[in-house]
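1. model this:
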Amino acid sequence: MAIEIRPFRVTDTDDLVEILKLNGQYDYPEVEGPGAIKRVSECPAAVFLVAEEAARPVGLIRGIYDGARALIHLLSVHPDHQHQGTGRALVAAISAEFRRRGSSGTTVTVSESSARFWEKIGFTQLPVFLMLTSFDARNP
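-> Just a heads-up that it's a prediction; the model follows:
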């Protein structure tokens with residue numbers, strides 16, 4: 001069956017959460033959960049695409065273009081569809097949308113375990129650190 005890449009639909013939410021869980025990418029439900037998924041889908045700076053096969057989501061990619069920089073935040077492909085070109089197709093589709101919006105390149109946040117995939121498709125590691133804070137009682 002052929003993979004179709006299309007924009008996210010709210011009805012994809014449960015399938016996408018399941019894919020994230022299967023891949024161990026659901027550590028922060030406040031960032032990856034249904035509420036966050038809906039907020040991202042409503043953000044005009046966001047690009048949120050889904051890979052679909054036989055009318056069922058099998059992968060997702062999310063990123064933003066702020067008018068100057070494009071950044072991929074999340075790529076996840078169902079384990080049954082990995083190593084079949086689905087991830088590459090999602091990256092190509094989001095990159096095309098970033099170019100259409102005016103971006104000259106794309107940055108991606110990756111884990112150490114996924115760095116090889118990104119290098120194989122042409123990304124270069126940069127000497128930067130990703131840092132995180134959350135808003136709570138100790139850090140308003």
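2. Could you pull out the helices in this structure for me?
-> 13-22, 29-32, 34-42, 86-101, 115-120 (DSSP state H).
3. Show me which positions of the third one end up buried.
-> If I follow you right, that is helix 34-42. Neighbour-count burial for helix 34-42 flags 37, 40-41 (criterion: 16 or more other C-beta atoms under 10 Å). Yep, even glycine has a C-beta here, placed from its N, CA and C like the rest.
4. residues near Arg9, how many?
-> 12 (other C-beta atoms under 10 Å).
5. Looks like it contacts Leu49 (just checking).
-> No: the pair Arg9 / Leu49 is not scored as a contact, 10.9 Å apart, by C-beta atoms under 8 Å.
6. quick one: terminal-to-terminal distance for stretch 6-25?
-> 21 Å (C-alpha to C-alpha, to the nearest Å).
7. no wait, stretch 124-133
-> Where stretch 124-133 begins and where it ends lie 26 Å apart, using C-alpha to C-alpha.
8. outside of it, which residues touch it?
-> Contacts to stretch 124-133, defined as C-beta atoms under 8 Å, 6 or more residues apart in numbering, come from residues 107, 109, 115, 119, 139.
9. Kindly report the same for stretch 110-123.
-> By C-beta under 8 Å, 6+ apart, the list of residues contacting stretch 110-123 reads 75, 87-88, 91, 106, 108, 125.
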